[in-house]
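Student: Show me the folded form of this:
(chains A and B)
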Amino acid sequence: MSAVTTTVLTGVGVLGGLTSLLAALLVLANRRLHVDEDPRIDRVEAMLPLTNCGACGHPGCRAFSEALIAGSALPGKCTVSDESARQRIAAFLGVDVGAEEKRVARLACAGSHNVARNHARYDGLSSCRAAALVAGGGKGCFWGCLGIGDCEKACDFDAIRMQLGIPVVDEEACTACGDCVEVCPKDLFSLHPVSHRLWVACSSLDKGDALLDDCAVACTACGRCEMDGPGLITMRDNLPVVDYTRDHSTRVPIERCPTGAILWLSADEGPQRGAAAHPIPGREPLRDAPT
Amino acid sequence: MLGLRTFRHGIHPPEWKAATRELPIRQFPFAPTLAVPLQQHLGSASVPIVREGESVVRGQPIARADGDLSVPMHAPATATVKRIAPMPGIAGRMLDAIFLEPRPGSTQETPDGDPCSLEEAAPAEILSAIQAAGIVGLGGAAFPTHVKLRVPDEVRVDTLIINGAECEPYLTTDHRVMLEQGEDVLHGVRYLLKATGAERAIVAIEANKPDAAAHLRGLIEAAPASPEGEVSVEVLRVKYPQGAEKMLISALLDRRVPSGGLPLDVNALCVNVATTAEIGRLLPHGRGIQERVITVTGPAVRDKGNYRIPIGTPLRFLLEQVGADPELTRVFLGGPMMGAAASSLDISITKGTSGVVAFTESEAERSRRREYPCIRCGYCVDACPMFLNPSQLAVLARNEEHERMAEEFRLMDCFECGSCSFVCPSHIPLVQHFRVAKAALRKARES
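Tutor: Numbering: from 1, shown residues only, chains lettered A, B, ... in the order given. Just a heads-up that it's a prediction; the model follows:
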């Protein structure tokens, strides 16, 4: 045998031996260290929408399926799945579906660009969070929506569309995952059951008619809704607060609101303003306030 | 210029100081209404101690400190308290403020309070006198000075650095204060030396203010040696951001403040020169801050100058008085590098306002430049005085990897000097990315 052949054979032999040894070790490790996982976890996970959105309160669909198997959650927590998918999971696990009322993201501002003024023009990174750090973003109302649409970009379900410079939530598509709640620098979004139709679409902590110079749909804290919905509505920090633990299926409190800051969010027709609310001028953006 | 001390990295922006550096400080008139915000400093807001309709005398305390991390407020004018109501602040939040209507014809003399004698007061008494005078960092940060000066028992401060670098373009506030209030500065230094127990004080001045350095040196030589410690003047090379604490310590003492640490960790303390001058001017009389020196300048201002402006003067009134261009579109409080853009002219001048720089539409237009992709030129890396990698940080910021920015790339060491954004040939708003990331991290850590 020549020297070259010896070298080649030694190489092949050593590496081959090493391979078999390591393979044997791996086989052994696989047997010894095997973790028995409930096979139902994979089945249940496959039945979930796999969006990993977190709306159920668990870090992703796998964690949620583990919670389902463990019995610490019910399929109804997944608001992204449709009813039939939830039924299938419930039937598979032999548990109750757990009726969760569908929740949606609601915006506590109605200052679209045709009703609310800017005081300053913001140039810079196209992001509400960046704008909010530059002197609050330039909107006349310090609490109002900046309208650059970080929430629209953050939404994984295309449930938010910017219309007239303000986000509009599609109730059908919204899964209440909470990404918009987290991203809004003005903290205007919150998650509510869809049955919460009586809605205060303003976050201004100021009061008085001077507010209307900056936003025509601001709450001026006049207190009429509190009078018309005694017990149901209380004024706190110049804003009406609806007590949703009481019967709130009444449109009475909105009727005398002069600005339409308190609304009825109709499922079919969208936001409904009260009878006394002054009309909204048009759809054109307002000019910046004179300095 | 070579041979002068400085720090590594940094940039050389145009200075734009020529228009106001020769102009003496002038007293500014009282606005018809002064709105004194109750939170002009870092820390908890002051608590009003006057009622609506009450008459106040100029210099009289009108709000008390709420706890240790807070300072009192003093009336900027002899006036009537009109109301206590919210007003817009520079950060875009509504803040409570005391609205005062100065009484025309009444005397604007400031009566003395409890004086704090340099010779007799103990260090702790000097600190409480500084708090009682409402003194905060006048360089812009507005951090309560008495808190900054409090040296823990186990720490020894050997060097006190008096920051007269004034590296921000356009601003000449500190320059004029050093020239016109040199005695106040040196008197203030003695108070500071005594309060902190430091052995020596160095007044740091950039080489573009030779007259200020010569003036202070002359005063030091003429006066008998101060018993509190040796005082000297050091001229530094002109470079931005020379006036940042960590840069000053690096330039003068060749020490590195550890990441996330304070100057105290390397036995040093930095105090702004205007703050020092106020300490030297107010403490012997027991008075409080009721006005401050501000450079009002920029292409949109006709009567540029250095003014002593009452705290609470509305920005709108100020700009009217100095003849602002009708095309004024952009106003910075502080300098153009680290100052804050105002979103409303209804905000007030506060203790932290070191300058007002106003630009017209044509200059603002020039700054709206299109952003291009990063070309990996590395200019930002060479500019960053904290030795960060702004280019890499921006990539992570776009992907919202905020935790990684902080943990692996020392995001929290960035003090937002803007050097990286200034040199970026692709006009990437780097600092703005970092500010958003920091705000997101703060929010995440709170919840």
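
Student: Mind pulling the model confidence for whichever residue of the stretch 301-447 of chain B sits closest to chain A?
Tutor: Using C-beta to the nearest C-beta, the closest approach of the stretch 301-447 of chain B to chain A is made by residue B:343 at 3.6 Å. All C-beta spots, glycine's among them, are computed from the backbone N, C-alpha and C. pLDDT recorded at residue B:343 is 86.

Student: ok, longest helix in chain B?
Tutor: Longest helix of chain B, by residue count under DSSP state H: helix B:430-446.

Student: What is it packed up against?
Tutor: In terms of contacts (3 or more C-beta pairs under 8 Å, 6 or more residues apart in numbering or on different chains; DSSP states H and E), helix B:430-446 is packed against helix A:128-133, helix B:390-398, helix B:402-409, helix B:419-423.

Student: Neighbours of the residue of the stretch 301-447 of chain B closest to chain A, how many?
Tutor: By other C-beta atoms under 10 Å in any protein chain shown, the residues close to residue B:343 number 26.

Student: next one: residue A:82
Tutor: 9.

Student: which parts of chain B sit against chain A?
Tutor: Within chain B, the residues that sit near chain A (C-beta under 8 Å from any C-beta of the partner chain) are B:86, B:88, B:90-94, B:316, B:328-329, B:340-345, B:364, B:367-368, B:429, B:432-433, B:435-436, B:439-440.

Student: which of these are buried?
Tutor: For the residues of chain B next to chain A, a burial check counting by 16 or more other C-beta atoms under 10 Å in any protein chain shown picks out B:88, B:90, B:92, B:94, B:316, B:328-329, B:340-345, B:364, B:429, B:432-433, B:435-436, B:439-440.

Student: need the contact list for residue B:341.
Tutor: Applying C-beta atoms under 8 Å, 6 or more residues apart in numbering or on different chains, we find residue B:341 in contact with A:120, A:134, A:135, B:330, B:331, B:332.

Student: Return the backbone torsion pair for it.
Tutor: Main-chain torsions, residue B:341, degrees, to the nearest 10: phi -70, psi 140.

Student: ditto for residue B:283
Tutor: Dihedral angles (degrees, to the nearest 10) for residue B:283: phi -60, psi -40.

Student: Looking at the helices and strands packed on helix B:430-446, which is nearest to residue B:201?
Tutor: Among the helices and strands packed on helix B:430-446, the nearest to residue B:201 by C-beta to C-beta is helix B:419-423 (28.0 Å).

Student: Let me know the average pLDDT across that closest one.
Tutor: For helix B:419-423, mean pLDDT is 96.

Student: now that helix: how far from the chain's centre is it?
Tutor: The chain centre lies 21 Å from the centre of helix B:419-423; the measure is C-alpha atoms, centre = their mean, to the nearest Å.

Student: tell me the helices in the stretch 101-250 of chain A, going along the chain?
Tutor: A:128-133, A:150-154, A:179-183, A:224-228 (DSSP state H, counting those that start in this stretch).

Student: Now the last one: buried residues?
Tutor: Across helix A:224-228, burial judged by 16+ other C-beta under 10 Å covers A:224, A:225, A:226, A:228.

Student: And for stretch B:105-117?
Tutor: Neighbour-count burial for stretch B:105-117 flags B:108, B:110, B:113, B:116 (criterion: 16+ other C-beta under 10 Å).

Student: Look up the closest residue to the first one, ignoring the ones flanking it.
Tutor: Of all residues not flanking residue B:108 in the chain, residue B:58 sits nearest, at 5.2 Å (C-beta to C-beta, 6 or more residues apart in numbering or on different chains).

Student: what about that neighbour, neighbour count?
Tutor: 22.

Student: That one contacts residue B:103, correct?
Tutor: No. Using C-beta atoms under 8 Å, residue B:58 makes no contact with residue B:103, being 10.2 Å away.

Student: what's residue B:138 in contact with, if anything?
Tutor: With C-beta under 8 Å, 6+ apart, residue B:138 has these contacts: B:272, B:274, B:275, B:278, B:292, B:351, B:352, B:354.

Student: Inside helices: which ones of the residues you listed?
Tutor: Per DSSP H, the subset of the contacts of residue B:138 in helices is B:274, B:275, B:278.

Student: thinking again about what came up before, a markdown table for the buried residues of stretch B:105-117, including secondary structure?
Tutor: What follows is those, written out as a markdown table (DSSP: H, G, I helix; E, B strand; the rest coil):
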| residue | secondary structure |
| --- | --- |
| B:108 | coil |
| B:110 | coil |
| B:113 | coil |
| B:116 | coil |
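
Student: would JSON lines of the residues you listed with pLDDT be doable?
Tutor: Output for the buried residues of stretch B:105-117, formatted as JSON lines (pLDDT from 0 to 100):
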{"residue": "B:108", "pLDDT": "83"}
{"residue": "B:110", "pLDDT": "88"}
{"residue": "B:113", "pLDDT": "88"}
{"residue": "B:116", "pLDDT": "91"}
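
Student: what's around residue B:385, how many residues?
Tutor: A count of neighbours around residue B:385, defined by other C-beta under 10 Å, yields 22.

Student: no no, residue A:21
Tutor: 10.

Student: Need the three-state assignment for it.
Tutor: Under three-state DSSP, residue A:21 falls in the helix class.

Student: okay, it: pLDDT?
Tutor: Taking residue A:21 on its own, its pLDDT is 97.

Student: Pull the contacting residues for it.
Tutor: No contacts exist for residue A:21 under C-beta under 8 Å, 6+ apart.

Student: Most proximal residue of chain B with respect to chain A?
Tutor: Closest point on chain B to chain A, by C-beta to the nearest C-beta, is residue B:92, at 1.7 Å.

Student: which phi and psi does that residue have?
Tutor: phi 90, psi 20.

Student: could you say which helix or strand contains residue A:263?
Tutor: Under DSSP states H and E, the secondary-structure element containing residue A:263 is strand A:262-266.

Student: name the helices or strands packed onto that strand?
Tutor: Using 3+ C-beta pairs under 8 Å, 6+ apart, strand A:262-266 sits against strand A:198-200, helix A:252-255, strand A:270-272.

Student: Name every strand pairing with that strand and say which way it goes.
Tutor: Strand A:262-266 sits in its sheet next to strand A:198-200 (antiparallel), strand A:270-272 (antiparallel), going by DSSP bridges.
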